[in-house]
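Engineer: coordinates for the following, if possible.
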Amino acid sequence: MTKVSIGLAALLCMALPAAARAQAIPREVNFRYSEQISNGPAGTCGCFPMEGAAGDVYWQIKELAPHHRADLGLAVDLGVEHTGNENNDGYGLTLTTLTAGPRFKIPVRKVHTFAEALFGFGHGSGSEFPEHGTLATSASSFALDVAGGADYPVNKRLSIRILQLEYLRLSLPNNSTDWQNNLRLAAGITLHFAH
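Structural biologist: Residues are numbered from 1 along each chain as shown. Alright, predicted model coming up:
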């Protein structure tokens with residue numbers, strides 16, 4: 001997993017300057033509140049809720065269909081989710097993710113929809129993670145974030161993110177499969193910048 005993480009970090013480091021050269025000012029910046037359903041630790045059943053905040057920055061790289069305003073670009077997303085009591089086990093969990101990758105945007109009538117596949121890192125803290133026969137209070141892993149969403153424009157500078165639905169896959173240690181599936185729902189505001 002370490003080689004994959006290093007390769008991913010190198011790819012992100014190369015992609016971000018390319019996007020910045022193409023467009024110094026981002027096309028959009030989003031801030032949102034999110035709710036997350038996470039699967040429980042090994043040996044338990046059910047899921048537990050988390051809540052938090054997230055934001056993303058989007059740089060347009062290529063306009064695909066000018067008359068339909070479809071485009072392709074790079075999105076960078078940062079999210080922080082928290083629960084004070086994971087599955088009534090007496091300890092909490094704070095999950096921080098930083099991901100980046102391609103986003104495809106196309107408007108459908110008045111709503112601007114998008115789909116994206118982001119890759120990066122996840123970090124869990126304030127919990128218990130089994131590692132090499134001991135329990136650690138934090139752990140990091142690769143993160144895959146596949147998402148779709150819709151923005152409703154209020155004016156040229158502001159949109160309402162009416163829905164963002166995300167599937168987040170992590171591989172934090174858990175004494176079993178060492179992977180977690182998470183479902184996030186979010187809503188917020190998107191600021192647009194002219195170019």
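Engineer: assumed Asn174 was part of a strand.
Structural biologist: No - counting by DSSP: H, G, I helix; E, B strand; the rest coil, Asn174 is not found in a strand; it is coil.
Engineer: for it, what are phi and psi?
Structural biologist: Backbone torsions for Asn174, taken as degrees, to the nearest 10, come to phi -150, psi 20.
Engineer: isn't it right next to Phe129, touching?
Structural biologist: Yes - the criterion here is CB atoms under 8 Å, and Asn174 meets it with Phe129 at 7.3 Å. Every C-beta, even on glycine, is put in place using the N, C-alpha and C of the backbone.
Engineer: between these two, what contacts are shared?
Structural biologist: When contacts are counted by CB atoms under 8 Å, 6 or more residues apart in numbering, the set common to Asn174 and Phe129 is empty.
Engineer: neighbours of Gly126, how many?
Structural biologist: Neighbour count for Gly126, taken as other CB atoms under 10 Å: 15.
Engineer: residues in contact with it?
Structural biologist: 91-94, 137-138.
Engineer: same thing but 10 Å
Structural biologist: Applying CB atoms under 10 Å, 6 or more residues apart in numbering, we find Gly126 in contact with 82-84, 86, 91-95, 137-138.
Engineer: next: Gly79.
Structural biologist: Here Gly79 is in contact with 32, 34, 36, 52-56, 95-99, 122, 143, 145, 166, 168, 184, 186 (CB under 10 Å, 6+ apart).
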